[in-house]
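Undergrad: here you go, sequence then predicted model.
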Amino acid sequence: MPAAFPFSAIVAQEEMKRALLIAAVDQSVGGVLVFGDRGTGKSTAVRALASLLPKMQVIAGCAYGCDPSADHARCVDGCSSRGPKRRAKSRSVPVPVVDLPLGVTEDRVVGALDLERALAHGVKAFEPGLLARAHRGFLYIDEVNLLEDHIVDLLLDVAASGENVVEREGLSIRHPAKFVLVGTGNPEEGELRPQLLDRFGLSVEVKTPGDVAIRIEVVRRRDAFDRDPEGFCQKWRAEDGRVRKRILAARERMGSVTVPDAALERAAELCMRLGVDGLRGELTLIRAARALASLDGDDTVTDAQLRLVAPSALRHRLRRNPLDETGSSLRVERAMSEVFPA
Amino acid sequence: VTDDGTIEQRRWSDAMLAAALFAVDPTGFGGIALRCGADPIRMQWLALLTRMLPASAPLRRLPTNIPDSRLLGGLDLAATLRAGRSVAELGMLREANGGVLVVAMAERLTQGTAARLATVLDNAEVVVERDGITARHPTALGVIALDEGIDEERPPEALLDRLAIHLSLRGTRSIEESGVERASDIAAARARLSRIAVDEEMVEALCEASLALGVDSLRVPLHALHVARASAALSGRDAVNEEDASVVARLVFAPRARRLPVEEPPTADDEVGGDAQRPESSSNEESEEGKPDKAEPLGDIILAAVQAAVPPEVLASLKPSAATRARSSSSGRVGVALASSRRGRPIGTRRGTPQAGTRLHVLDTLRAAAPWQAIRHRERRGVAIEGGSPRIEVRREDFHILRFKQRTESATIFVVDASGSSALNRLAEAKGAVEHLLADCYVRRDRVALISFRGARAELLLPPTRSLVRAKRGLAGLPGGGGTPLAAGIEAAHGLANALQRRGQTPTLVFLTDGRANVARDGTQGRSRAEDDSVASARLIRRARMNALLIDTSPRGQGFAQGLADEMGASYLALPYADATAVSKAVRASATARQLDCASGGS
């Protein structure tokens, strides 16, 4: 794989970077959708995040990347049979950031009969698909709005249940597939199906920077990277390392970050004012704010964090009112200015 | 030489320059979008380009309807069965590695295929996850998109954004080949490419110029840098200078310019008038300026070159105030491209027996059968078969059939009588119905258009759109009153429906009128001729077998509208107090009925 552009070298686009870092700290926030103009570095940022993530521990030899410290009773690969008594060998691997490319076929998404082994030995074996590979990591879909409907259908259920059920070619298998869904796309090419939209915890809007100085810096860095990828990455390695440490520290800290009642009330009021359906919005808002607080090194969630994450957590959950032209972001802003005292 | 001749000459020399730049750095800046009919001149250009490319560079032609299995690669079935293990087949993208992919009829490219190309151009690798095969192939290539589009038809924006150079040779006649770069010069330039220096001032100037011209995408200035480097290399220099900047301005910026800078010097117009004036002449004067005093002079050179390169008629539409208009029309274009991508496309396979109307998917069927061959042959060993046992044993349960995307996109065209006293009310309700339907379409992805007729003519107030925001903008403050040119209205609707049909969409016409015409087709007043005309137009609709619904808005059903509906072959509905909700409900109901019709009569 070609070297990825360093995360810390991405200019501006703070909301996008923040959302990705939050997802890296707390997977339960539930995925990030980045929608916006062409040429704003959407997929660059996601690929950059991949090379930045701290490694994780897996049970050696498990095709599903089971966590040695967690309950893995559902794994079909035999890790469960080793039981808690015999401690499985673990090893550290990079967190998977799995590309779900356009043109992917169903068998590769959910997994299918291993043709190789079936042909050579007449054995019926399961070959795990991308969903299995993305377990405990990220599943990245570029041009998510162009994904074929029948592939989206496959994802919807797994993304909600965290389990992949395969019933095909005489196979009957279920395995855990918990991943953070990351999607990027350009809204001009089509809207996202509401059901899929709903699977994303945070939704970010990116716009082309209008500031000349920022644009110059973007072009300058990108050009430097294109001309000498290794040298450029070397230059930013230390900076990327700091971001990685920040993620690790945030994960440690997160358990001890308190969410005061005041913050909960604020979140509830904001969601009510915006008419957000269900509790998912509130929950995501709080979780994202907590992850952000831990990234900031704070012990409690404050208004500042809520304000920063509210647009990403809520803008895609507003009910569309065909008679209201106001953009979702603006509606969130407006509600925030009412809820939060200046 | 006429003025036209000069322009043609210039276009051609720019096209040749573009080809040379591409040949110097085929994989560096995405490629070239060439807008031109399938003329001899295009052949000529392509032949010259091919001659300039290194002999070793592969060149592949991509048909627009290429299936993913050929584009991205997948399982090579024949080889797989022969070898007894899965054998991968490379896709065309990978085959073009290090070379060129020529996309013919790029304006017909689906958004899906464009996105796959875009991904490869962005990431320089092909990711294959198909048919049990997982692979990543590093792939660097350049794309030549041949765009034969007419009017609004253009290749998908996602692809155009990634191709640095946009050219047009439309209407250019064949021209003698002069100033063609020799292959050896190109090779020398290619060798020089990695050493070309670009100073900070140039980067800044390119960024500033692109922003000033309303070019949002950051890929453009980035590509511009690569083009500038290729240009410098081609001229035998080691650093990018103003000359390269003006090349970039002509080939990269000018075709994309959405507006011109606000403080436009008055002399700029003169410069545009004199087409023959080459921007280089002005650059020489300013090249001595070594002032570190910002990038303004350089920026000015670029902007002047852009202005000189933009055709005068386009320039007129790029006045600062027009910036927003240019933008909104472009989003419409995207919509059009989107529409053509939704035609009965195979969307996968499923297990099932082929029957009338379904197609067997041979590859998947064999794929399903392949693993079992060893076992089946073993089972068969005892049983004798006439003519010996087949080499591949396919059983009923292996059959896979193709699934097609059934739904063709539908578009609802409202044709609203905006004449007379009740016009305002009717229009308001039609607007409401449009909005209701659009809110609904947000899920179903259908389009809505609105034509109104009053006075002497019909007017397309809302071109087919899926965007609610756009619809609202288009429908704000509709005028009403005047005569009733019913025939004109029907004909306009017929024309639009026809255009949509050709793009593979299913139009539904919804007329809101009382059916009483009083303006004839040629704009003259008079009830009897007007009515004859409208009946004649109505028959057009029937002959074209278009789906139509006529909503009679007259206070008491007076029979005129009923008669008209019969002539059109339209369903008739009397809704004297048609309100938005009732209208949209009626339209939806008729659409559903039609779909059921299609489903039962279809396959």
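TA: Perfect, thanks for sending it.

Undergrad: assign a three-state SS to whichever residue of the stretch 51-200 of chain A sits closest to chain B, would you?
TA: Across the stretch 51-200 of chain A, the shortest distance to chain B (Cβ to the nearest Cβ) belongs to A:Ala118, at 3.2 Å. (Glycine included, C-beta is placed from N, CA and C.) Put simply, A:Ala118 is helix when judged by DSSP: H, G, I helix; E, B strand; the rest coil.

Undergrad: give the contact list for it.
TA: By Cβ atoms under 8 Å, 6 or more residues apart in numbering or on different chains, the contact set of A:Ala118 is A:Lys124, A:Ala125, B:Ala370, B:Pro371, B:Trp372.

Undergrad: who wins for neighbours among those residues?
TA: The most crowded member of the contacts of A:Ala118 is B:Pro371, carrying 24 neighbours; neighbours defined as other Cβ atoms under 10 Å in any protein chain shown.

Undergrad: next one: stretch A:222-240 to chain centre, how far?
TA: When C-alpha coordinates are averaged (Cα atoms, centre = their mean, to the nearest Å), stretch A:222-240 and its chain have centres 24 Å apart.

Undergrad: buried ones in the helix or strand containing B:Leu303?
TA: Under DSSP states H and E, the secondary-structure element containing B:Leu303 is helix B:296-309. Buried residues in helix B:296-309, counted by 16 or more other Cβ atoms under 10 Å in any protein chain shown: B:297-309.

Undergrad: stretch A:252-269 too?
TA: Across stretch A:252-269, burial judged by 16+ other Cβ under 10 Å covers A:Arg253, A:Met254, A:Val257, A:Val259, A:Ala263, A:Arg266, A:Ala267, A:Ala268.

Undergrad: which residues are in contact with that stretch?
TA: So stretch A:252-269 is in contact with A:25-26, A:282, A:285-286, A:289-291, A:293-294, A:297-303, A:306, A:339-340, going by Cβ under 8 Å, 6+ apart.

Undergrad: chain A: strands as residue ranges?
TA: Counting by DSSP state E, chain A forms strands over residues A:32-36, A:56-59, A:90-93, A:97-99, A:111-113, A:126-128, A:138-141, A:163-168, A:171-176, A:180-185, A:202-206, given from the N-terminal end onward.

Undergrad: got JSON lines for those, with mean pLDDT too?
TA: Shown next, in JSON lines, are the strands of chain A (pLDDT from 0 to 100):
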{"stretch": "strand A:32-36", "mean pLDDT": "91"}
{"stretch": "strand A:56-59", "mean pLDDT": "83"}
{"stretch": "strand A:90-93", "mean pLDDT": "84"}
{"stretch": "strand A:97-99", "mean pLDDT": "91"}
{"stretch": "strand A:111-113", "mean pLDDT": "82"}
{"stretch": "strand A:126-128", "mean pLDDT": "86"}
{"stretch": "strand A:138-141", "mean pLDDT": "92"}
{"stretch": "strand A:163-168", "mean pLDDT": "84"}
{"stretch": "strand A:171-176", "mean pLDDT": "84"}
{"stretch": "strand A:180-185", "mean pLDDT": "92"}
{"stretch": "strand A:202-206", "mean pLDDT": "91"}
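
Undergrad: make a markdown table from these and add distance to chain B and mean neighbour count to it.
TA: As requested, these are exported to a markdown table (distance: least, Cβ to the nearest Cβ, whole Å; neighbours: other Cβ atoms under 10 Å in any protein chain shown):
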| stretch | distance to chain B | mean neighbour count |
| --- | --- | --- |
| strand A:32-36 | 11 | 25 |
| strand A:56-59 | 19 | 20 |
| strand A:90-93 | 17 | 12 |
| strand A:97-99 | 5 | 23 |
| strand A:111-113 | 6 | 24 |
| strand A:126-128 | 7 | 21 |
| strand A:138-141 | 11 | 25 |
| strand A:163-168 | 8 | 16 |
| strand A:171-176 | 11 | 17 |
| strand A:180-185 | 9 | 25 |
| strand A:202-206 | 11 | 23 |
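
Undergrad: so which of these gets nearest B:Thr119?
TA: In this view, the strands of chain A are compared for proximity to B:Thr119 by Cβ to Cβ, and strand A:97-99 is the closest at 9.2 Å.

Undergrad: mind checking how far that closest one is from the chain centre?
TA: Between the mean C-alpha position of strand A:97-99 and that of its chain there is a distance of 10 Å (Cα atoms, centre = their mean).

Undergrad: that strand pairs with which strands?
TA: strand A:138-141 (parallel) (DSSP bridges).

Undergrad: what's in contact with the partner strand?
TA: When contacts are taken as Cβ under 8 Å, 6+ apart, the neighbours of strand A:138-141 outside the stretch itself are A:23, A:46-47, A:49-50, A:95-100, A:130-131, A:147, A:155, A:179-184.

Undergrad: how far does that strand sit from the chain's center?
TA: Centre-to-centre, strand A:138-141 and its host chain are 7 Å apart (Cα atoms, centre = their mean).

Undergrad: A:Val110 versus the residue of the stretch 51-200 of chain A closest to chain B, what's the distance?
TA: Applying Cβ to Cβ, to the nearest Å, one obtains 17 Å for the distance of A:Ala118 from A:Val110.

Undergrad: do the same with B:Pro507
TA: Applying Cβ to Cβ, the value for B:Pro507 to A:Val110 is 38 Å.

Undergrad: elements contacting the strand or helix carrying B:Ile541?
TA: B:Ile541 is part of helix B:527-543, with elements assigned from DSSP H and E. Applying 3 or more Cβ pairs under 8 Å, 6 or more residues apart in numbering or on different chains; DSSP states H and E, we find helix B:527-543 packed against helix B:486-502, helix B:560-568.

Undergrad: distance of the closest residue to B:Ala530 other than its chain neighbours from chain A?
TA: The shortest distance from B:Ala530 to any residue other than its chain neighbours is 3.9 Å, reached at B:Ala517 (Cβ to Cβ, 6 or more residues apart in numbering or on different chains). In this structure, B:Ala517 and chain A are separated by 33 Å, where distance is defined by Cβ to the nearest Cβ, to the nearest Å.

Undergrad: hang on, B:His436 packs against B:Ala580?
TA: Yes. Contact between B:His436 and B:Ala580 holds when scored by Cβ atoms under 8 Å: they sit 5.8 Å apart.

Undergrad: neighbour count for these two, which is higher?
TA: Neighbours per residue (other Cβ under 10 Å) separate B:His436 from B:Ala580, with B:His436 holding more: 20 against 17.

Undergrad: of the buried residues of helix B:296-309, closest to chain A?
TA: Nearest to chain A, judged by Cβ to the nearest Cβ, of the buried residues of helix B:296-309 is B:Gly299 at 10.3 Å.

Undergrad: quick check: the closest one touching B:Leu211?
TA: No. Counting by Cβ under 8 Å, no contact exists between B:Gly299 and B:Leu211, whose distance comes to 10.1 Å.

Undergrad: which helix or which strand is home to B:Thr134?
TA: Once you assign secondary structure using DSSP H and E, B:Thr134 falls within strand B:133-138.

Undergrad: still on that earlier bit, okay, the residue of the stretch 51-200 of chain A closest to chain B: pLDDT?
TA: What the model reports as pLDDT for A:Ala118 is 71.

Undergrad: and what of the one 4 residues further on?
TA: Model confidence at A:Gly122, given as pLDDT, is 70.

Undergrad: ditto for A:Thr300
TA: The predicted local confidence for A:Thr300 comes out at a pLDDT of 93.

Undergrad: and for it, the neighbour number?
TA: With neighbours defined by other Cβ under 10 Å, the count for A:Thr300 comes to 14.

Undergrad: ok, the closest residue to it other than its chain neighbours to A:Ala12 distance?
TA: Nearest-residue entry for A:Thr300: A:Thr258, 5.0 Å, with adjacent residues in sequence omitted and distances by Cβ to Cβ, 6+ apart. Distance from A:Thr258 to A:Ala12, counting by Cβ to Cβ: 32 Å.
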